[in-house]
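Q: Could you look at this predicted model? Sequence included:
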Amino acid sequence: MEYKALITSEENKNFVNSIGTKKISDLPDNDTLIKVKYSSLNFKDALSASGNKGVTRNYPHTPGIDAAGIIEKTSGSKFKSGDEVIVTGYDMGMNTNGGFGEYIKVPQEWIVKKPENITLSESMAFGTAGLTAGLCLRKLLAHGLKPDDGDVFVSGVTGGVGIISLMLFKKLGFSISAITGKLDQEEFLKSLGANQVIDRNTLDLDLISPLQKPIYSGGIDAVGGKILSNLICSTSQRAAIACCGMVGGLSLDTSIFPFILRGLSLFGIDSAESLIDVKEEIWSNFSSNWKLENIDENIKDISLNELPSEIDKILRGEQIGRVRIAYDW
Ligand SMILES: NC(=O)c1ccc[n+]([C@@H]2O[C@H](COP(=O)([O-])OP(=O)(O)OC[C@H]3O[C@@H](n4cnc5c(N)ncnc54)[C@H](OP(=O)(O)O)[C@@H]3O)[C@@H](O)[C@H]2O)c1
């Protein structure tokens, strides 16, 4: 039996994305076959689809680190045919065929049963970007961060992780500084709950001083590089930052002072390899106390055929919010 998928192929050292057909019998030998109803686009998918060998070693390949769908067949004991499920991360979309195809075959240990109060479609409005925002928030709350402690920041705020971080902070009553390179989105960001919008160019500088004015009680950083380096130095006493991204650079130029003179904590987040029970906890929160009633409002819904151009857009840093892929069944 054949199914439709995005296929990334290597041609004369160039990477080309096209929509083609694959065989279910060629899927990896894992225990659970899932009919994918929705997927979503993340920065990591764009890296895989453009030949980044740190993400995907062998081509042709079908990327897609997110999938939500229905179990078609399983030889495992954890789920049964017909269960509605969510799969994010682990090796899916990296070196295991991913959610940019109508079928995936994965180990049952990678699967979360969809909670009652959220639809498959809503789950892919969150996707890995949302899960990552949720994991960042979980760390900060466990650290003890509260709205009364003062302003928090979100960097890379118009991106997938950023926008959901902003919405979650708002839901929990925080006052938020939204750091962006897209100042024309100020009104939109304020409509989602940003209290102020800050031009990222004012932070994208060589380290200004190891201890700057203490402004933030914490924040979520999806950018890294110089922006994170400067934010670290602008935190107040006992602040906490969760960092997860690297669109602004891989290195960190900072000083020990914010850590030993202000007691700053810096948490690193890796959503892909998070323990499955932690993923279950975040999905459960998204369906209850962290439910975002407006999660569907700022989603761009596309078909598989439209994916190649959206991949180019996310690589250029031009994407605003989330892109969800719906399969026509
Ligand atoms: N650790 C994890 O588990 C995990 C999980 C998911 C994603 N990530 C990482 O988190 C980052 C964001 O992912 P995403 O899916 O939200 O990506 P995205 O949708 O492409 O958003 C990235 C945002 O960063 C900002 N940006 C883009 N280029 C930049 C640059 N050169 N310098 C500074 N800011 C820039 C832009 O927002 P503004 O214009 O508003 O500034 C952009 O919208 C990526 O590095 C991704 O790999 C990590």
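A: Structure received.

Q: And the helices in the stretch 101-250 of the chain, which stretches?
A: All helices of the stretch 101-250 of the chain, identified by DSSP state H, counting those that start in this stretch, fall at 120-143, 160-171, 186-191, 225-232.

Q: buried set for the third one?
A: Neighbour-count burial for helix 186-191 flags 186, 188-189 (criterion: 16 or more other C-beta atoms under 10 Å). Using the backbone N, CA and C atoms, a C-beta is placed for each residue, glycine as well.

Q: pull the CA atoms of that helix into PDB?
A: Taking Å, rounded to 0.1, in the frame of the first residue of the first chain, the C-alpha atoms of helix 186-191 are listed here in PDB:
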ATOM      1  CA  GLU A 186       3.800  45.100  18.000                       C
ATOM      2  CA  GLU A 187       0.000  45.400  17.900                       C
ATOM      3  CA  PHE A 188      -0.400  41.700  17.300                       C
ATOM      4  CA  LEU A 189       2.000  40.800  20.100                       C
ATOM      5  CA  LYS A 190       0.100  43.100  22.500                       C
ATOM      6  CA  SER A 191      -3.200  41.500  21.500                       C
END
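
Q: and that helix, is it in reach of the ligand?
A: No - using C-beta under 6 Å from any ligand atom, helix 186-191 never reaches the ligand; the gap is at least 8.2 Å.

Q: Residue 115: what's it in contact with?
A: 283-284, 286-288 (C-beta atoms under 8 Å, 6 or more residues apart in numbering).

Q: quick one: contacts for the closest residue in space to residue 160 that isn't next to it in sequence?
A: The shortest distance from residue 160 to any non-neighbouring residue, by C-beta to C-beta, 6 or more residues apart in numbering, is to residue 129 (3.1 Å). With contact taken as C-beta under 8 Å, 6+ apart, residue 129 is in contact with 40, 42, 159-161, 163-164, 322.

Q: Tell me who's in contact with the residue of the stretch 151-300 of the chain found nearest the ligand.
A: In the stretch 151-300 of the chain, the residue that lies nearest the ligand is residue 159 (1.8 Å; C-beta to the nearest ligand atom). When contacts are counted by C-beta under 8 Å, 6+ apart, residue 159 touches 43, 129, 222, 245, 247, 319.

Q: List the backbone torsions phi and psi for it.
A: phi -80, psi 180 (degrees, to the nearest 10).

Q: same question, residue 151
A: phi -60, psi 150.

Q: oh, and call the first residue 35 from now on, that's how I've got it
A: Yep, numbering from 35; the last one is residue 185 now.

Q: Low-confidence ranges, the protein, go.
A: Applying pLDDT under 70 to the chain flags no residue at all.

Q: how about the residues of it near the ligand?
A: Counting by C-beta under 6 Å from any ligand atom, the chain sits next to the ligand at 76-78, 162-163, 166, 190-196, 214-216, 234, 256-257, 278-282, 303-306, 348, 351, 353.

Q: In strands, which of those fall?
A: Judged by DSSP state E, these include residue 214 as members of strands.

Q: Quick check: end-to-end length of stretch 327-338?
A: Taking C-alpha to C-alpha, to the nearest Å, stretch 327-338 runs 26 Å from one end to the other.

Q: which residues sit against that stretch?
A: Where contact means C-beta under 8 Å, 6+ apart, the residues beyond stretch 327-338 that reach it are 38-40, 53, 134, 155-156, 159-160, 164, 197-198, 201, 226, 344, 354-362.

Q: Buried ones among those?
A: 38-40, 53, 134, 155-156, 159-160, 164, 197-198, 201, 226, 344, 354-361.

Q: what about the residue nearest to residue 194, distance to residue 99?
A: Distance from residue 163 to residue 99, counting by C-beta to C-beta, to the nearest Å: 10 Å.

Q: Over to residue 109?
A: Noted for residue 109: a distance of 24 Å to residue 99, by C-beta to C-beta.

Q: So which of those two has more stuff around it?
A: residue 99 (31 against 9; other C-beta atoms under 10 Å).

Q: got the contact list for the closest residue to the more buried one other than its chain neighbours?
A: Among residues not flanking residue 99 along the chain, residue 127 sits closest, at 3.7 Å (C-beta to C-beta, 6+ apart). Shown here is residue 127, whose contacts under the criterion C-beta under 8 Å, 6+ apart are 78-79, 82, 96-100, 133-134.

Q: what's the answer for residue 146, then?
A: 119-122, 310, 313-314, 317.

Q: give me that answer again for 10 Å
A: 102, 119-122, 157, 165, 310-311, 313-318 (C-beta atoms under 10 Å, 6 or more residues apart in numbering).

Q: how far away is it from residue 344?
A: Counting by C-beta to C-beta - residue 146 and residue 344 are separated by 25 Å.

Q: re the thing from before, I'd like the distance from the residue nearest to residue 99 to residue 101, if you could.
A: For residue 127, the distance to residue 101 (C-beta to C-beta) stands at 8 Å.

Q: Next, show the common contact partners of these two.
A: 73, 121, 133-135, 138.

Q: what's the neighbour count on the residue nearest to residue 92 when sequence neighbours are not counted?
A: Spatially, and ignoring its direct neighbours in sequence, residue 92 is nearest to residue 129 (6.8 Å; C-beta to C-beta, 6+ apart). Applying other C-beta under 10 Å, we find 14 residues neighbouring residue 129.
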